[in-house]
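Asks: coordinates only, no sequence provided:
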């Protein structure tokens, strides 16, 4: 009995994103062709320095077959077109991964509502300058970079379960690749709500990438921890504790 | 305005600084009418507390008149006469709602500093270093009070400033020290340190039903005050073996509760005190703890050691074996001032106690540096200095 295999464009893109590929099809075939030629040439004159050419050819051949280049990975270069896909760019150890949580003395509904309006985030996330709502799920983010630079990207809410979780990620083609999620869990015994934030950022290379890396690379965890502390202060106490602007001698 | 600022170890000056302004919606600005130097301010003067910066305004015992309130402050009005708790608390977090005000989660903007040292951070305090929040203190003409809708207590006209001022810290601190002793009627309570907090601990121990109160110090006028106003039996530690004296006084059983109202800069008369001095001088330890050691050693089996004296860092040679072997209860911590205010105000109004009995020196704010030195050196019979801006 014949089986019919159905292919959807989304499936192949997904497979691409899940793989280690970082070479375009053209570069991949060029690698294989050059590798084969070098290998054949090298094998034919093994007595002199042929083994060197054969070895180099073998490496190029492997690069073409697997469509993965280690040098590119180290440099953050990707010609496969999977770079701006958040799943590919943030998979494994590639992105900056931060997981932090805080317990807040407020009901889940209040916290969920506050967070679902992403425009509230810059009130406690200090690296953000603004989040602007475009549609119900798409928003435009502006973050402060070093030396007065501004980094901008679009993001979409791709997952939400009311009073449970919100997930967002940058849209394809954005200069910045990032994804985040926030989970809300009731702490048993009427002890408030645990808010867990998972953030991922991938420096995509270039000037913007360097800026983002400096923003989140060094100690992203304490950055987010302070953000969450301010979030807690804002929703519990109604204001963020500060001393900036007070007199001193 | 004029304010007392810290410029380094043993260097405090009164200088001109900008007036404070409302920074948050629940703030108030208070025009200070009376402020005091606390024994714990001496730890700042002596450089025992890290994260102070040049120019920080000190002072956490103050009262005055409200001259401005923030948009979200609906409990205070301009003109109110208030005394302000030295611990800053939001009133809405897990800890505040359990009356653990000095453990407030939301009032310390530099909580991360304290978390490095203590694991978790307590509340912000006025004028007590940046790890405690970095808030400008009240030894000034004006002071900004955060979360002023839950902290400040309105003072009835019938009370003078001198009668109400110590609700900000030392009266509640002495009271909580006695309360932490779990006093049952007839208990013997021994109090190390007859400074202002020790004096209030003695008075509070009586209020809570103690049968005997024994006070221990080395400064004659403080022992005199403990005997006179505190009705305590006194032990001068420079001429008496404290442990033997307490054992004899309690028929060989030991005091039911011991209060260490001395803290990290003890001036003992025993060998361990010289050991502490050597270690702190060479930065091998941060605190001198001869009073705490003695309190643990002298306490009866199953008794309580209560510690209102301030400790900041690491303490060496604490006789934990003795504490374990006798099954002691150790209780300590910054005072949950807010918890005690209405009850203690009521005791003052009823005439049960007039807290102004500890005041020995009344100075102008300009004289504050002189007041610090006199208080530190315990010169001129100094027990408590109040300053009028």
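Replies: Nice, I can see it. All values derive from a computational prediction rather than experimental measurement. Numbering: from 1, shown residues only, chains lettered A, B, ... in the order given.
Asks: my guess is residue A:150 contacts residue A:143, does it?
Replies: Yes - the criterion here is CB atoms under 8 Å, and residue A:150 meets it with residue A:143 at 7.3 Å. In this view, the C-beta of every residue, glycine as well, is placed from N, C-alpha and C.
Asks: so for these two, which sits in the more crowded spot?
Replies: Taking neighbours as other CB atoms under 10 Å in any protein chain shown, residue A:150 and residue A:143 compare with residue A:143 leading, 24 against 11.
Asks: pLDDT weak spots in chain A?
Replies: A:1-21, A:72-96, A:146-147, A:202-219 (pLDDT under 70).
Asks: got the residue ranges for the strands in it?
Replies: Using DSSP state E, the strands of chain A run over A:96-104, A:128-133, A:138-144, A:150-161, A:165-170, A:177-186, A:193-202.
Asks: export the ones you listed to CSV and tack on distance to residue A:240?
Replies: Shown next, in CSV, are the strands of chain A (distance: least, CB to CB, whole Å):
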stretch, distance to residue A:240
strand A:96-104, 14
strand A:128-133, 14
strand A:138-144, 17
strand A:150-161, 23
strand A:165-170, 22
strand A:177-186, 19
strand A:193-202, 16
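Asks: and of those strands, who's closest to residue B:263?
Replies: Between residue B:263 and the strands of chain A, the shortest gap by CB to CB is with strand A:96-104, which sits at 32.0 Å.
Asks: now the angle between strand A:193-202 and the closest one, please.
Replies: Interaxial angle of strand A:96-104 relative to strand A:193-202 (axes from the mean of the first three to the mean of the last three CA atoms, to 10 degrees): 170 degrees.
Asks: quick one: contacts for the closest residue in space to residue A:61 that isn't next to it in sequence?
Replies: Once flanking residues are discounted, residue A:61 sits nearest to residue A:35: 3.4 Å by CB to CB, 6 or more residues apart in numbering or on different chains. By CB atoms under 8 Å, 6 or more residues apart in numbering or on different chains, the contact list for residue A:35 reads A:57, A:58, A:59, A:60, A:61, A:62, A:63, A:64.
Asks: I'd like to know how far residue A:29 sits from chain B.
Replies: Between residue A:29 and chain B the computed distance is 53 Å (CB to the nearest CB, to the nearest Å).
Asks: what about that residue, neighbour count?
Replies: Counted with other CB under 10 Å, residue A:29 comes out at 13.
Asks: excluding its backbone neighbours, what's nearest it?
Replies: Of all residues not flanking residue A:29 in the chain, residue A:64 sits nearest, at 6.7 Å (CB to CB, 6+ apart).
Asks: most distant residue from the centre of chain A?
Replies: Here the centre of chain A is the reference, and by CA atoms, centre = their mean the most remote residue is residue A:47, at 49.7 Å.
Asks: now do it against residue A:38, distance only.
Replies: As for residue A:47, its distance to residue A:38 is 17 Å (criterion: CB to CB, to the nearest Å).
Asks: now swap in residue A:105 and tell me
Replies: For residue A:105, the distance to residue A:38 - CB to CB - is 67 Å.
Asks: and what of residue A:141?
Replies: Going from residue A:141 to residue A:38 by CB to CB gives 47 Å.
Asks: list the contacts of the residue nearest to residue A:29.
Replies: Counting by CB under 8 Å, 6+ apart, residue A:64 touches A:23, A:28, A:29, A:30, A:31, A:32, A:33, A:35.
Asks: show me what contacts the fourth one?
Replies: Right, the one you point to is residue A:30. residue A:64.
Asks: isn't residue A:114 up against residue A:235?
Replies: Yes - Residue A:114 is in contact with residue A:235 according to CB under 8 Å; the separation is 6.0 Å.
Asks: who's more crowded, the two?
Replies: Higher neighbour count among residue A:114 and residue A:235: residue A:235, with 21 against 16, using other CB under 10 Å.
Asks: surely the more buried one and residue A:113 touch.
Replies: No - in this structure residue A:235 lies outside contact range of residue A:113 using CB under 8 Å: 10.2 Å.
Asks: low-confidence ranges in chain B?
Replies: Within chain B, the segments meeting pLDDT under 70 span B:269, B:282-286.
Asks: got the domain ranges for it?
Replies: Partitioning chain B according to automatic domain parsing yields domains covering residues B:2-169+B:335-388, B:171-332.
Asks: can you redo those domains as a markdown table with distance to residue A:194?
Replies: Shown next, in a markdown table, are the domains of chain B (distance: least, CB to CB, whole Å):
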| stretch | distance to residue A:194 |
| --- | --- |
| domain B:2-169+B:335-388 | 12 |
| domain B:171-332 | 29 |
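Asks: name the SS class of the closest residue in space to residue B:229 that isn't next to it in sequence, please.
Replies: The spatial neighbour of residue B:229 that comes closest, neighbours along the chain excluded (CB to CB, 6+ apart), is residue B:357 at 5.0 Å. Here residue B:357 is helix, with the state taken from DSSP: H, G, I helix; E, B strand; the rest coil.
Asks: can you check residue B:4 too?
Replies: strand.
Asks: ok, now which ones touch the nearest residue to it once chain neighbours are set aside?
Replies: Distances taken as CB to CB, 6+ apart put residue B:139 closest to residue B:4, at 4.0 Å, once the chain neighbours are dropped. Residues near residue B:139 by CB under 8 Å, 6+ apart: B:3-4, B:32, B:35, B:37, B:57-59, B:62, B:127, B:365, B:368, B:387.
Asks: same question, residue B:333
Replies: B:102, B:307.
Asks: how about the one 3 residues further on?
Replies: The neighbourhood of residue B:336, defined by CB under 8 Å, 6+ apart, consists of B:87, B:99, B:100, B:101, B:102, B:103, B:172, B:176.
Asks: which residue comes closest to the last one once chain neighbours are left out?
Replies: Using CB to CB, 6+ apart and skipping residues adjacent in sequence, the residue nearest residue B:176 is residue B:335, 5.0 Å away.
Asks: isn't the one you found right up against residue B:172?
Replies: Yes - contact criterion CB under 8 Å: residue B:335 and residue B:172 qualify, at 5.1 Å.
Asks: give me the more crowded residue out of the two.
Replies: residue B:172 (28 against 23).
Asks: quick check: closest non-adjacent residue to that one.
Replies: residue B:340 (4.2 Å).
Asks: residue of chain B nearest chain A, please.
Replies: Residue of chain B nearest chain A, by CB to the nearest CB: residue B:5 (3.3 Å).
Asks: touching chain A at all, stretch B:104-118?
Replies: Yes - residues of stretch B:104-118 contacting chain A under CB under 8 Å from any CB of the partner chain: B:105, B:106, B:107, B:108, B:109, B:111, B:112.
Asks: buried ones among those residues?
Replies: When the residues of stretch B:104-118 next to chain A are checked for burial by 16 or more other CB atoms under 10 Å in any protein chain shown, the buried set is B:105, B:106, B:107, B:108, B:109, B:111.
Asks: residue B:34 versus residue A:34, what's the distance?
Replies: Noted for residue A:34: a distance of 87 Å to residue B:34, by CB to CB.
Asks: in terms of neighbours, single out the busier of these two.
Replies: Higher neighbour count among residue A:34 and residue B:34: residue B:34, with 21 against 16, using other CB under 10 Å.
Asks: next one: the residue nearest to the more buried one when sequence neighbours are not counted relative to residue B:64, how far apart?
Replies: Distance criterion CB to CB, 6+ apart; nearest residue to residue B:34, sequence neighbours excluded, is residue B:161 at 4.1 Å. Separation of residue B:161 from residue B:64 (CB to CB): 9 Å.
Asks: tell me which of these two has more neighbours.
Replies: More neighbours surround residue B:64 than the other of residue B:161 and residue B:64, with 27 against 17 (other CB under 10 Å).
Asks: partner strands of the helix or strand hosting that one, with direction?
Replies: Residue B:64 is located in strand B:61-69, with elements delineated by DSSP states H and E. Take DSSP bridges as the rule and strand B:61-69 pairs in its sheet with strand B:28-37 (antiparallel), strand B:81-84 (antiparallel).
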